[in-house]
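A.B. asks: Quick check, what structure comes out for this input:
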Amino acid sequence: MPEAKEKTWLLHRTMERRQFLRGTLASALSMPAALSLLEACATSSPTKPSAGGVKLPNYLPFRGPKPDLPPNGAVEPAYLRFPSHLVRSVNETPGRGGDLTLLYLALEPPPAPLAQNAAWQALNKALNVKLEFVGADPLTFATKFATIAASGDLPDAMGLPLFTGLPNLPQFLKAACADLTPHLADDAVKDYPNLANLPTFSWKSYVNSSGIYAVPIPASQFFNGFFYDKGRFDRLGLQLPKNADDLTRLLKALTRPQAGQYACGYAAGQGTIAHLTIFRQIFRAPNNWKLERGRLIKDIETEEHKAAVGYMRDLQTAGVFNPDAQTQSLSALSGFFIRGQIQILVLGWPGYANLWDQYNAVHPGSQIYNMPMFGHDGGKGSFFTINGTQPTYVAIKKASTERVKELLRVLNFMSAPFGTVEHALRTYGVKDVDYSLDRDGNPRPTDRARSDLTSTLVPPWVRGLGGPPPVLYDPNSSDFARVAHQMESELAPMLVTDPTQGYYSPTQDAKGTVLTQLITDRLTAIINGRAPLSDHDQLVKDWRAQGGDQIRAEYEAAIAKRGG
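C.D. replies: Sure, this is the predicted structure:
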């Protein structure tokens with residue numbers, strides 16, 4: 001596969017990686033110190049002043065290069081090519097010449113050492129700091145973080161994985177993280193224009209009645225897509241489904257076991273639940289929860305959810321899912337799709353651009369579309385949102401006011417939007433060293449980039465030191481941005497949010513991981529035919545008894561307190 005198409009630099013964090021982090025790491029983080037530190041930096045958030053008077057940062061959009069296709073609500077701006085003129089978004093040197101240590105989640109080998117790393121050197125110079133990185137892979141992150149916490153010597157900035165279901169959120173915030181409220185709440189954020197340019201929805205998980213304790217790295221709000229090769233469908237004369245019966249017929253028509261071809265495939269563990277998301281949307285089940293007249297109803301408590309599970313179970317019985325995929329990891333499914341072993345792929349929206357490039361490297365000229373969502377009965381479908389942040393957010397350890405301001409200036413630089421000088425340095429490295437512009441003006445990585453920026457072109461500073469609002473852009477294909485913008489525009493009217501997003505439940509933190517695993521295990525057993533569909537009712541009873549009702553009550557109280 002050509003190197004230039006190995007990775008897309010802007011939408012590189014795939015949902016598979018997000019799901020892996022939520023599953024593998026959440027189960028690995030068993031030490032109390034690590035639990036406190038990691039989870040404390042993702043707390044509840046108001047959309048209006050809380051009881052304590054804390055407000056979200058005001059949104060002040062940055063006026064950079066004009067996109068070719070404009071944003072519209074959740075629909076992101078699209079750029080068909082790289083801007084020919086980059087603008088500056090930072091007019092002052094952020095740092096004061098000292099060290100800045102970042103703890104980050106390392107999903108790839110480290111970059112070349114500073115002495116041999118042109119990108120790292122240039123970033124140090126632009127920031128006027130001496131960046132140092134402490135990385136840990138998913139399996140050792142908890143242990144390393146617990147050790148650091150026990151030593152009392154926290155890094156200056158912490159790019160922490162985004163988890164759910166871990167306890168002690170507020171305690172660590174107040175004990176060890178800087179309260180950013182005086183610097184960022186309301187109009188105070190004007191001192192950091194690039195942070196003010198971060199979309200409001202991305203802040204919601206980091207503000208509570210006590211204050212603002214972390215800076216988000218924004219991501220798309222769109223959740224799992226149902227992706228297919230439009231050209232192939234057109235050549236075969238396949239019609240897109242308009243209801244559940246149509247979809248069943250289509251999936252059966254795409255399945256040819258004798259040729260090793262199946263309509264769909266899902267990976268082991270959480271892959272089953274990721275695929276179920278599509279059918280939950282078709283049957284208009286809630287996005288985790290729904291709120292009716294102040295009363296929360298969990299998705300599994302609805303008939304719509306049970307119908308979606310039954311529908312997927314019937315499809316499993318019909319043999320439309322590739323059985324080999326069920327022994328693989330989530331990240332392996334793209335290969336099944338590219339090789340034609342599955343014809344439709346469930347993938348997190350942030351992985352769309354990467355899929356487009358990988359598929360086109362094998363099937364040039366192809367266009368990957370998302371299947372429009374529809375209702376099971378032919379009515380309106382739905383499409384779930386996620387919380388609009390990357391798997392990492394940035395907390396700052398407690399320090400003097402001047403030091404906190406300095407670190408916020410660094411985060412402001414690192415959050416510079418697409419089309420700025422700062423963003424280009426952060427993302428691509430040094431021009432004519434780490435990247436060059438092709439004949440269409442788009443950046444292409446050099447061989448040096450895979451040393452300076454890591455083999456995946458995602459260096460530590462991108463992994464954990466702030467980031468820009470998402471845009472739709474692929475340096476390898478202008479068609480991607482155009483098609484993705486069209487797909488988002490079609491899906492935007494169907495978006496369904498989780499009403500508990502930004503609210504805090506202590507029981508969810510304490511028991512969420514266990515309850516999520518309970519749901520995953522039971523639903524997987526039902527879908528795979530190891531348990532009857534009637535076990536769905538028992539699952540609801542067990543979930544309620546083991547903490548679900550308490551979680552509901554805590555969320556309802558939090559929502560009522562804010563007048564939600």
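A.B. asks: What segments of the stretch 151-300 of the chain are helices?
C.D. replies: For the stretch 151-300 of the chain, the helices defined by DSSP state H, counting those that start in this stretch occupy 169-176, 181-184, 193-196, 200-203, 230-236, 244-253, 270-282.
A.B. asks: Which element is encountered next along the chain beyond whichever strand or helix holds Thr513?
C.D. replies: With secondary structure defined by DSSP states H and E, Thr513 is part of helix 506-527. Once the chain leaves helix 506-527, the next helix or strand it forms, by DSSP H and E, is helix 535-543.
A.B. asks: TSV for the helices of the stretch 151-300 of the chain, including mean pLDDT?
C.D. replies: As requested, the helices of the stretch 151-300 of the chain are exported to TSV (pLDDT from 0 to 100):
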stretch	mean pLDDT
helix 169-176	71
helix 181-184	96
helix 193-196	97
helix 200-203	87
helix 230-236	96
helix 244-253	97
helix 270-282	91
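A.B. asks: so which of those comes closest to Ala122?
C.D. replies: With respect to Ala122, and counting by CB to CB, the nearest of the helices of the stretch 151-300 of the chain is helix 193-196 at 18.5 Å. The way it works is simple: take the backbone N, C-alpha and C, and place the C-beta from them, glycine included.
A.B. asks: Ok, which of the helices of the stretch 151-300 of the chain comes nearest Asn124?
C.D. replies: For Asn124, the closest of the helices of the stretch 151-300 of the chain is helix 193-196, at 18.9 Å, according to CB to CB.
A.B. asks: now that closest one, how far from the centre of its chain.
C.D. replies: 20 Å (CA atoms, centre = their mean, to the nearest Å).
A.B. asks: Please tell me how far Arg530 sits from Arg522.
C.D. replies: Distance, Arg530 to Arg522, by CB to CB, to the nearest Å: 10 Å.
A.B. asks: So for the two, which sits in the more crowded spot?
C.D. replies: Neighbours around Arg530 and Arg522, counted as other CB atoms under 10 Å, are more numerous at Arg522. The numbers are 20 against 9.
A.B. asks: before we move on, the earlier item: now for Arg530 and Arg522: what residues contact both?
C.D. replies: A shared contact of Arg530 and Arg522, defined by CB atoms under 8 Å, 6 or more residues apart in numbering, is any residue touching both; here there are none.
A.B. asks: Mind putting the helices of the stretch 151-300 of the chain into JSON lines with distance to Gly159 and mean neighbour count?
C.D. replies: Supplementary listing: the helices of the stretch 151-300 of the chain in JSON lines, determined by distance: least, CB to CB, whole Å; neighbours: other CB atoms under 10 Å:
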{"stretch": "helix 169-176", "distance to Gly159": "15", "mean neighbour count": "18"}
{"stretch": "helix 181-184", "distance to Gly159": "18", "mean neighbour count": "20"}
{"stretch": "helix 193-196", "distance to Gly159": "16", "mean neighbour count": "22"}
{"stretch": "helix 200-203", "distance to Gly159": "15", "mean neighbour count": "20"}
{"stretch": "helix 230-236", "distance to Gly159": "37", "mean neighbour count": "14"}
{"stretch": "helix 244-253", "distance to Gly159": "40", "mean neighbour count": "17"}
{"stretch": "helix 270-282", "distance to Gly159": "23", "mean neighbour count": "23"}
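A.B. asks: elements contacting the helix or strand where Ala126 lies?
C.D. replies: Element membership for Ala126, per DSSP H and E: helix 118-127. Contact analysis of helix 118-127 by 3 or more CB pairs under 8 Å, 6 or more residues apart in numbering; DSSP states H and E lists strand 130-136, helix 401-414, helix 421-428, helix 449-452 as its packing neighbours.
A.B. asks: Mind checking the helices of the stretch 151-300 of the chain for the one nearest to Val215?
C.D. replies: Across the helices of the stretch 151-300 of the chain, Val215 has its closest neighbour in helix 193-196 (6.5 Å, CB to CB).
A.B. asks: quick revisit: using a markdown table, lay out the helices of the stretch 151-300 of the chain together with distance to Lys306.
C.D. replies: As requested, these are arranged in a markdown table below (distance: least, CB to CB, whole Å):
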| stretch | distance to Lys306 |
| --- | --- |
| helix 169-176 | 32 |
| helix 181-184 | 43 |
| helix 193-196 | 43 |
| helix 200-203 | 30 |
| helix 230-236 | 31 |
| helix 244-253 | 14 |
| helix 270-282 | 10 |
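A.B. asks: Minimum distance to Asp186: which of the helices and strands packed on helix 118-127 has it?
C.D. replies: Closest of the helices and strands packed on helix 118-127 to Asp186 is helix 401-414, at 15.2 Å (criterion: CB to CB).
A.B. asks: quick one: the strands in the stretch 51-200 of the chain?
C.D. replies: When assigned using DSSP state E, counting those that start in this stretch, the strands of the stretch 51-200 of the chain occupy the ranges 99-105, 130-136, 157-161.
A.B. asks: To Gln367, which of the helices of the stretch 151-300 of the chain lies closest?
C.D. replies: Comparison of the helices of the stretch 151-300 of the chain against Gln367 by CB to CB identifies helix 230-236 as nearest, at 4.9 Å.
A.B. asks: What are the contacting residues of that closest one?
C.D. replies: Contacts of helix 230-236 (CB under 8 Å, 6+ apart): 240, 343, 365-369.
A.B. asks: from these, which ones fall inside helices?
C.D. replies: With helices taken from DSSP state H, there is no overlap with those.
A.B. asks: Now list the buried members of those residues.
C.D. replies: Neighbour counting with 16 or more other CB atoms under 10 Å marks 343, 366-369 as buried within the contacts of helix 230-236.
A.B. asks: farthest-separated two in these?
C.D. replies: The most widely separated members of the buried ones among the contacts of helix 230-236 are Gln343 and Gln367, with 14.9 Å between them, by CB to CB.
A.B. asks: Sketch out the low-pLDDT regions of this protein for me.
C.D. replies: Along the chain, the model assigns pLDDT under 70 to residues 1-53, 162-172, 205-209, 387-391, 563-564.
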